[in-house]
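In: Here's my sequence, what's the structure:
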Amino acid sequence: MLDGVSQLHVTIVGTLAGFAFTGVVLVVTLAHDKPGRAEISLDTVVVMFLVSYLYWVGSAFLISYLPHASTSGDFVQRVHFSLATTIEYRTVFLSWFALLPLLQANGLGRLVPVLYFLLPASLLLGSLLVAMATDGLGLMLIREIYFSAAIATGLALAYGIAVALALPGIRSPYSSLYLALVIFCVNGIGFALATGTPLVSQYDGVRRFYERHGRRIIIADMQMTMVSLAFLCLAVLGVI
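Out: Sure, this is the predicted structure:
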């Protein structure tokens with residue numbers, strides 16, 4: 001079943017990679033033609049789209065190398081697919097959240113309040129989808145995923161309140177850019193872990209590692225996903 005789904009994912013992420021690359025070209029063209037645009041917003045958009053492009057391509061390669069269950073075992077295959085899926089999930093929202101600084105950079109501030117509603121709502125709905133997908137793989141219970149989401153939301157909101165009430169000086173216009181780089185690193189960790197799964201057919205030690213620690217890896221990956229996206233949402237909204 002996962003083999004067929006992975007083929008669909010390759011097509012989808014390949015298309016999205018083209019979208020991200022086109023977005024970078026359009027942003028650079030607009031910046032060249034209209035030099036009066038906000039430089040910070042332009043820098044943020046370019047970095048967010050570049051990171052998205054790199055991981056759309058990377059996740060397409062990753063999912064295309066899904067190890068076959070006959071050689072890696074069903075559990076290791078599910079670990080690989082889950083890691084690839086959360087990379088796609090984080091990259092989707094990185095691209096989506098880039099729309100807000102893109103509007104700001106092009107003087108379309110009147111549309112920004114619409115995204116103030118759409119971005120948190122889409123993050124909530126996306127979290128429900130990834131929760132169902134991960135629960136379906138049998139690697140995490142859905143209540144564990146919701147617990148991860150609750151922790152991430154609580155941490156982000158606590159930090160946002162602290163910035164707003166006690167530490168307004170640490171708010172930075174580059175927060176979204178910095179968090180895009182954090183997501184780049186988180187995706188890199190997930191990518192590195194997933195690339196090791198095809199080796200389980202040749203190395204018993206690698207097989208034992210994934211069979212022993214695979215569930216813990218998925219739990220940690222999900223927690224990093226929820227935390228990074230919750231903070232990125234606050235950053236693009238200008239809270240932190």
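
In: Quick check: L237 vs I151, distance?
Out: 20 Å (CB to CB, to the nearest Å). The C-beta positions use only the backbone N, C-alpha and C, and glycine is treated the same way.

In: So which of the two has more stuff around it?
Out: L237 (18 against 14; other CB atoms under 10 Å).

In: so what's the more buried one up against?
Out: L100, Y116, L119, P120 (CB atoms under 8 Å, 6 or more residues apart in numbering).

In: Highest neighbour count among those?
Out: Neighbour max across those (other CB under 10 Å) = L100, 26 neighbours.

In: Now do the helices in the protein.
Out: 2-33, 39-64, 69-72, 74-97, 99-105, 112-136, 142-165, 175-195, 204-236 (DSSP state H).

In: what inclination does the fourth one have with respect to helix 39-64?
Out: It refers to helix 74-97. For helix 74-97 against helix 39-64, the angle by axes from the mean of the first three to the mean of the last three CA atoms, to 10 degrees is 160 degrees.

In: Give the buried residues for helix 74-97.
Out: 75-97 (16 or more other CB atoms under 10 Å).

In: How many residues are close by the nearest residue to L111 once chain neighbours are set aside?
Out: Using CB to CB, 6 or more residues apart in numbering and skipping the chain neighbours, the partner closest in space to L111 is L103 (5.3 Å). L103: 18 surrounding residues under other CB under 10 Å.

In: in the chain, which helix or strand is least confident?
Out: Scoring the helices and strands of the chain by mean pLDDT, DSSP states H and E places helix 2-33 at the bottom, with a mean of 62.

In: Quickly note the distance from the most centrally placed residue in the chain to N187.
Out: Residue closest to the average C-alpha location in the chain (CA atoms, centre = their mean): R90, at 1.1 Å. To N187, R90 is 6 Å away according to CB to CB.

In: Need the residues touching each of these two.
Out: Y55.

In: Low-confidence regions, the chain specifically.
Out: Counting by pLDDT under 70, the ranges of the chain that qualify are 1-39, 106-109.

In: can you do 50?
Out: Within the chain, the ranges that satisfy pLDDT under 50 run 36.

In: quick one: contacts for S172?
Out: Y178, I240.

In: for V227, same thing?
Out: Contacts of V227 (CB under 8 Å, 6+ apart): I151, A152, L155, A156.

In: let's go with 10 Å and repeat that
Out: With contact set as CB atoms under 10 Å, 6 or more residues apart in numbering, V227 has these partners: S148, A149, I151, A152, T153, L155, A156, V182, V186.
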